[in-house]
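**Q** sequence first, then the predicted structure:
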Amino acid sequence: MSGYRLSPLVPAETVEIEFDGLRLPARRGESLAAALMANGISTVARSFKYHRPRGLLGFGSWEPNAAVETGEGTELATNVRVTEGLRARAANCWPWARFDVKSVLGAFGALMPAGFYYKTFRGPGGRMWPLFEPAIRRAAGIGRLPARAAPDTVKRNAHCDVLVVGAGAAGIAAALAAHASGARVFLVEEGDAPGGRLLDRSDLRVGHEVGAVWARRSAEEMTTSGARVLLRTAATGRYEGGLVVAYERPAGDRPACLWKIRARAIVLATGAIERPLVFADNDRPGVVLLAAALAYAARSRVAIGRHAVAVVNNDAAYEDVMALVREGVHVRHLVDMRGNPDARLAAGLSGLGVELHAGFAPVSAMGCPVYGLRIAGAGGAYRDLACDAVLMSGGSTPLVHLHSHAGGRLRHSEELHAFVPVGAHDGARSAGACNGRAELAAALADGHAAGSLAATEAGLVAHGGGAPVGSGGTASVHPSAGAVPEVARGKAFVDFAADVTVADLRLAAREGYDSVELLKRYTTTGMAVDQGRIANLSAIEILAQARGAAPGDVGTTTYRPPFVPLPFVAIADAGGALLRPSRTTTLTAWHEAAGAVMYESGANWRRPGYYPRSGEGLEAAVRRECRAVRQAVGIYDSSPLGKFEISGPDAAAFLDFVYATRLSDLAPGRGRYALQLHEDGRLFDDGIVFRLAPDRYFVTTTTGNADACHQRFEYCRQVLRQDLSIGLLNVTEQWADIVVCGPAARQTIADAGLPMPERLAFLGMATCRIAERGVRVARAGFTGELSFEYFVPANAAPEIWTRLLEAGRRHGIEPVGSEANHVLRIEKGFISVGHEADGICGPDDLGLSFAVHADRPDFVGRQALLRDRSSPHGRPQLVGLFARDPGFVLPEGAAVLRTTGDRTRGYVTASCHSEAAGRSVALALIEDGRSLSGQDVTLALADGTAGARVVAPVFYDPRGERQRG
Amino acid sequence: MRLVPCPHCGPREAGEFVCLGEGSTHPVHADGLADALYTRTNAKGPAEELWWHKFGCRRWLRLRRNSASNEFLP
Amino acid sequence: MRGYSIWALARNALSGHSGWPRAWRSPAPRSSYDVVIVGAGGHGLATAYYLARRHGIRDVLVLDKGWVGGGNTGRNTVTIRANYLREESIRFHAEGLRMWREMSGELGFNVMFSERGQLDLIQTWAKLRDVKRRQVLLRLAGVPFDIVSPAAAKALVPILDLEGPKRLPVLAATWHPTAGVARHDAVAWGYARAADALGVDIVQGCEVLSIRRDRGQVAGVETARGFIAARKVALAVSAHAGDLARTAGLRLPVETVPLQAFVSEPLKPMLDCVVNCPGQVYLSQSDKGELVIGGGADGVPSYVQRGDFATVERVVSSLVELFPVLGRVRMLRQWAGAIDLCHDTSPIVSKTPVDGLYLDVGWGSGGFKAIPAGGAAFADLIANDMPAAAVAAFSLDRFATGRPLYETAGASNRD
């Protein structure tokens, strides 16, 4: 190939770029592909599997070969803009595309037919793959990981009446029709300018304007009058709910943008791309798609070569060749695979000095880069045509992807030798070339009709005007011959990007991989970067030939988003703290200032784990905090606890239904430890429920389950028990919760000047006022000590907290984190949801039968609970464990075995060193564990074993005198 | 982003909802307990489902949807 | 069955590869079989193979409405691991890992099983507690499994970013060195070819419409190509098991939900193992160079093999958070499978109240890894009419007796 510029470079717009170590002059803003072609660089890439030299085949996103690395990732040279100092290298080769050491792989091509790896690399016993795999992995892959960090991208949501995808003739006609009907229109176009093929063909006219001028003017006028036209924006996928995702890459400094567009109606005018022809060595540098050569000439003013040969199977290609010649590119021969050329078109050609060879098929490309094309006539007569470029046109492939993403059906069109959409689907209708209407007049009419219908569907009255009238471009794109010859020799490529040949496809069909999906998977056709846009139709045609079936019966594979590859950074939402915002209490700032080590706990809350003093580790801090609670006073922030207010005449009946614990006989001012079960009898949640008044309850739940409890309360209220009249409020975040606990709790509160109802008994609750704010005080807690729990308005918490701390100083108060709380609750044998309540156990298993009142007729989980009670054997039961060595803390998760070698019977749910018990203690769930009380068991640890004795699951103040005190 | 037709709020993105599918039955007899607790009709086609508009009106909704197409049905 | 080898490749290269026979036959179904297996995915084909190989039952038909391996076998993200929670599951999958290592040799087909190891990132204390429990059980089952530091995780997965501002820091990681990946299609094709060579008939493109019963006993299947009689009928159809079982009068504790996956453009090797951030995102790099990425299932029951974009955004957000260097890498293709999820997220390999009807369903997102061990156990069950010890815990009646095998304990809030 000997590409050159059709218009000379002007110094003002010239920049120097580097490609594969070569310094090249280029025009600022053009595509790297155009710059390479202009500089006569023919080999721009190496193929995926055989490392064959490859040139440019297509244009824009329809380029299967030219992957380059620019430091910003792997990108198609056709999509890389030339800027000052651009440095790029061909991907997947070393050191360069023009000389690639790995091309030796091509010599073994005969050993690498489709699926060759399934048949070898096994070695004796089939276990040798790991030896071969690293080399295969190094050979595969295309680009390297980009070194530079991902750029900023933004996301925007948009709503409109009519979304039109593609700003070619049909798309603009559709947008105009919808716009004229008063619809809010979005028009997105992947290219730099509106017009599509109108940009390449100055002979195409709309009304009395040149088509490209009409396209630009129409887009500008629509923009001025309120429509949104987004250029350089590719619609990448259609998803449920009518969502269209589009990716905009603005030319300037604006960040890339992922648009999420919802439209009342959608027009798909995505056009069509040209099909390559299949012949030997059709992948040689210099063999390109005719439409691409025309686009390079018309849009980038770059010629593919000095004497080209076109080989075509359809009439429209004649017009493209004539247009190319008019752009100044010399085309010496046109080879028509069909016998009877259209006289008018043939005359047009000869007027431009192009020699016509009708009834000849391409046999092979000669040279690398190409210097000739061998063609064969019906009688087997060969002709060798000298050339420096071969331009292929094998008909067109309508881009039906967006129609298919939403599940739209396709049918095979015999005229087009291609699949086209069947009707509108899921609010979207296709128009123009993607709908099989490629000729200009037909495309304009189709687009106009689709735009009007879309406006109607969007609830507007269609504007009565007629479609724009096109002239020129009347030749049919219908190929009257397939793109694949019956016999192909040599390496005739079907999928350039995946390096799949006709022989590969025929082999796969012969081996029984003869449905379109099996064929794709066995040969990898259509699975490379271009996702088979170039290859699909030819592959289907070859499979149909092999099966003796019609292509329509063979069918297509399913098209999946994205339509063009989409960088992950464009899809991702903001990370870091915004990924899943964490929740803080009004005391979080205090905890952090106090140097607390903050933990992530349930429901996205951040909580203090422990408060180390300088030089203090976790264990020392926890011991100090525990000691304060047991011997003096501790204070902790329990605000994340789930809190609900349930009121109304049926509040008691409602809670009796939701909870396995009877709550209707609770006296006002009293609370009770209560359990919720899953319908299948497993323990779901626990907490203390207080009765504030006969028709009012204050319900606490675990932190992690607060949302799930809310859902369940609403479910019971709205679905299961519509007969009950209650009010339900989730007040989790309205109330902060400060717990003061320990023998000196009372004095601390008194010293802080906080109200403390004198006769408040254990599990009682009273309301009082602090600084004119209503608060609720309860005698409850999770430590087993004398505890007062202050539920205070969230914004009042910091002041009260500080007052308590200051007053408590002389009593030895310590703030207590979740680590110390964990130890304190293990010592008491209090279960924790997520530890002992592991989503499997029932209340009886956990020794909580006291909190279940199954003598009532009905509550959630009752039937399953009765079922479980009827077969109590073999269930996990909560027990305590004493390690044989009292200084050894059994690891949580250790498995419990009766003896070494036994199957596992359970596991350690929680374990710690207990200063109060003077030894290590643990809780465990063990099959029939209570019957093992006093017996020795073996524990399997991550490394080794340990011995332990089964004991009662309470290690401190078993009669609960301290918390009642 | 699926849209769910909330009869109270209008179409809203599915992220606002919790889908409970066929729902959680509340068995009141021991007979057929396992069936009530665990089995699902799980039919491919139209079915009635329970959705909770968690980040909206907080209503539980009974909606008909075709599990073969994900379309909500009137 | 003609052997596949480098020598056969070289020999065939001389004849332009025109001499390769069909990998499996394309027979017309006969009117009656000993065993009809519904579903020519990995499970159905492996079951047929083991019936023929281990039990000498060769009068077997495998039916599929689509093509071999066209369901979840060909859609999944190929992770093979044993780090489950329940001892029954761990022992089953530990045996599976052993069978995977032997598979290419056994089938004479390179399924590209690659013991690359799996790294799980631990970001919460609750998860750390959970993996400590798994570690003990895995080691008891002879599966190596280590809890390692964030620095060690970074050494195994250099693209992991531990530095930037993270929503949740990586507290630790687990390393499961014998986990791996394989080529999904090859597994289906390898079993199909091997089963076919033992005389099993595989018929594609033939939908089973219903199961015919004769009193309490299975009689055969009604298909798109007519009735086919069978002494035993085995369902290995994942998402569609419920609809088929219903034709035999059975209701299953199974729900069908979509599970999405996607791949990136092919890149040079930069990720050697499987890396998983539980509940958020997991990825591995295929031999072709693509990153194969998955996340959690969509929350809405559906048979549509098409996912919600919100799920993609959620999974990719986690991906870019943990591996910001992948931000510029481009997503090439996304798809979804319809998985069958049991109430307790453990599978069902079981007899049924209908004599001669057997179930192998409910594998959820874990069906691929269970192909060899599941196929062998299911074949065993069909042949002997008795569950093997390995799958006794997966019986259907665990629900009736109120002993479900909850696999996602701790996190299980399903009502």
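**A** Yes, it's here. Residues are numbered from 1 along each chain as shown, chains lettered A, B, ... in the order given.

**Q** for the stretch 101-250 of chain A, give me the ranges with low pLDDT.
**A** Along the stretch 101-250 of chain A, segments meeting pLDDT under 70 span A:123-126.

**Q** bridged to the residue of chain B found nearest chain A, which residues?
**A** Chain B approaches chain A most closely through residue B:3 (3.8 Å), counting by CB to the nearest CB. (Glycine included, C-beta is placed from N, CA and C.) Bridge pairing for residue B:3 (DSSP bridges) gives the partners residue B:13.

**Q** confirm for me that residue C:300 is in contact with residue B:19.
**A** Yes: Residue C:300 is within contact range of residue B:19, at 4.6 Å (criterion: CB atoms under 8 Å).

**Q** in a strand, that's where residue C:154 is, yeah?
**A** No: applying DSSP: H, G, I helix; E, B strand; the rest coil, one finds residue C:154 to be helix, outside a strand.

**Q** now do it: how many residues are near it, please.
**A** Per other CB atoms under 10 Å in any protein chain shown, the neighbour tally for residue C:154 reads 18.

**Q** and it, what does it touch?
**A** For residue C:154, the contact set (CB atoms under 8 Å, 6 or more residues apart in numbering or on different chains) comprises C:160, C:162.

**Q** repeat that with 10 Å
**A** Applying CB atoms under 10 Å, 6 or more residues apart in numbering or on different chains, we find residue C:154 in contact with C:119, C:148, C:160-163, C:170, C:173.

**Q** so how many other residues sit close to residue A:937?
**A** Residue A:937 has 22 neighbouring residues, counting by other CB under 10 Å.

**Q** so who does it touch?
**A** Going by CB under 10 Å, 6+ apart, residue A:937 touches A:879, A:881, A:896-899, A:902, A:905-906, A:924, A:926, A:929, A:946-950.

**Q** quick one, which of the residues you listed are buried?
**A** Among the contacts of residue A:937, the ones that count as buried by 16 or more other CB atoms under 10 Å in any protein chain shown are A:879, A:881, A:896-898, A:905-906, A:924, A:926, A:929, A:946, A:948-950.

**Q** with secondary structure and pLDDT as extra columns, can I get those in a markdown table?
**A** Formatted as a markdown table, the buried ones among the contacts of residue A:937 follow (DSSP: H, G, I helix; E, B strand; the rest coil; pLDDT from 0 to 100):
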| residue | secondary structure | pLDDT |
| --- | --- | --- |
| A:879 | strand | 98 |
| A:881 | strand | 98 |
| A:896 | strand | 97 |
| A:897 | strand | 95 |
| A:898 | coil | 91 |
| A:905 | strand | 95 |
| A:906 | strand | 96 |
| A:924 | strand | 98 |
| A:926 | strand | 97 |
| A:929 | helix | 97 |
| A:946 | strand | 96 |
| A:948 | strand | 98 |
| A:949 | strand | 98 |
| A:950 | strand | 98 |
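
**Q** mind putting the residues you listed in TSV, distance to chain B included?
**A** Shown next, in TSV, are the buried ones among the contacts of residue A:937 (distance: CB to the nearest CB, whole Å):
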residue	distance to chain B
A:879	28
A:881	33
A:896	28
A:897	31
A:898	31
A:905	26
A:906	25
A:924	28
A:926	26
A:929	26
A:946	38
A:948	36
A:949	37
A:950	32
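
**Q** tell me who's in contact with residue C:72.
**A** By CB under 10 Å, 6+ apart, residue C:72 lies in contact with C:39, C:41-43, C:184, C:237-239, C:259, C:305, C:337-340, C:363-365, C:367-368.

**Q** just those that are near chain B?
**A** Filtering these for proximity to chain B by CB under 10 Å from any CB of the partner chain leaves C:239, C:338, C:340.

**Q** list the buried residues of stretch A:868-888.
**A** Judged by neighbour count (16+ other CB under 10 Å), stretch A:868-888 contains these buried residues: A:868, A:875-883.

**Q** chain center to it, what's the gap?
**A** Relative to its parent chain, stretch A:868-888 has a centroid offset of 44 Å by CA atoms, centre = their mean, to the nearest Å.

**Q** before we move on, the earlier item: widest-spaced pair of the buried ones among the contacts of residue A:937?
**A** Spatial extent of the buried ones among the contacts of residue A:937 (CB to CB) is set by the pair A:929 and A:946 at 17.0 Å.

**Q** measure residue A:919 to residue A:823 for me?
**A** To residue A:823, residue A:919 is 13 Å away according to CB to CB, to the nearest Å.

**Q** shared neighbours, the two?
**A** residue A:913.

**Q** dump the residue contacts of residue A:43.
**A** By CB under 10 Å, 6+ apart, the contact set of residue A:43 is A:1, A:20, A:36, A:52-56, A:65, A:90, A:93, A:96-100, A:284-286, A:368-369.

**Q** who's in contact with the strand or helix carrying residue A:397?
**A** Using DSSP states H and E, residue A:397 sits within strand A:396-398. With contacts defined as CB under 10 Å, 6+ apart, strand A:396-398 is touched by A:62, A:270-276, A:291, A:314, A:316-317, A:410, A:413, A:416-421, A:430, A:432-438, A:477-479, A:483, A:532-538.

**Q** tell me where chain B has helices.
**A** Under the criterion DSSP state H, chain B contains helices at B:33-38.

**Q** in it, where is pLDDT below threshold?
**A** Along chain B, the parts satisfying pLDDT under 70 run over B:1.

**Q** which residues of it fall in strands?
**A** Under the criterion DSSP state E, chain B contains strands at B:3-6, B:10-13, B:18-21, B:46-52, B:60-66, B:72-73.

**Q** wait, residue C:399 touches residue B:32, no?
**A** No: assessed by CB atoms under 10 Å, residue C:399 is found out of contact with residue B:32, at 11.8 Å.
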